[in-house]
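Enquirer: model this:
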Amino acid sequence: MYLLFTLGVAGWGIYGWLNRDWPVFAANLITFPATAAILERKIKSLLNQRN
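Expert: Here you go, the predicted structure:
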């Protein structure tokens with residue numbers, strides 16, 4: 001579920017860039033690194049639980 005959110009943030013960022021909608025692009029540019037970091041930690045946690 002969180003993967004879909006992260007992909008959505010990336011998609012809206014690309015949308016903002018392609019349509020030169022700078023507020024949309026900027027908001028998603030700021031949000032994406034945080035969501036990607038949380039997703040990475042969530043995946044690592046899930047993989048560690050399996051071992």
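Enquirer: biggest helix in this structure by residues?
Expert: helix 22-50 (DSSP state H).
Enquirer: What is that helix packed up against?
Expert: Using 3 or more Cβ pairs under 8 Å, 6 or more residues apart in numbering; DSSP states H and E, the elements in contact with helix 22-50 are helix 2-18. Every C-beta, even on glycine, is put in place using the N, C-alpha and C of the backbone.
Enquirer: re earlier: now do the buried residues in the longest helix of the chain.
Expert: 25, 28, 31, 35 (16 or more other Cβ atoms under 10 Å).
Enquirer: Hmm, Ala10 and the first one touching each other?
Expert: Read that as Phe25. No. With contact defined as Cβ atoms under 8 Å, Phe25 does not reach Ala10; the gap is 11.4 Å.
Enquirer: And stretch 6-19, what's buried?
Expert: Along stretch 6-19, these residues count as buried under the neighbour rule (16+ other Cβ under 10 Å): 6, 9, 12-13, 16.
Enquirer: Closest one of those residues to Lys42?
Expert: Distance to Lys42, by Cβ to Cβ, is smallest for Thr6 among the buried residues of stretch 6-19, at 9.8 Å.
Enquirer: quick one: the closest one from Asn48, how far?
Expert: Here the criterion is Cβ to Cβ, to the nearest Å. By it, Thr6 lies 20 Å from Asn48.
Enquirer: Please name the nearest non-neighbouring residue to Ala36.
Expert: Thr6 (6.0 Å; Cβ to Cβ, 6 or more residues apart in numbering).
Enquirer: Pull up the per-residue confidence for Arg50.
Expert: Note for Arg50: predicted pLDDT of 85.
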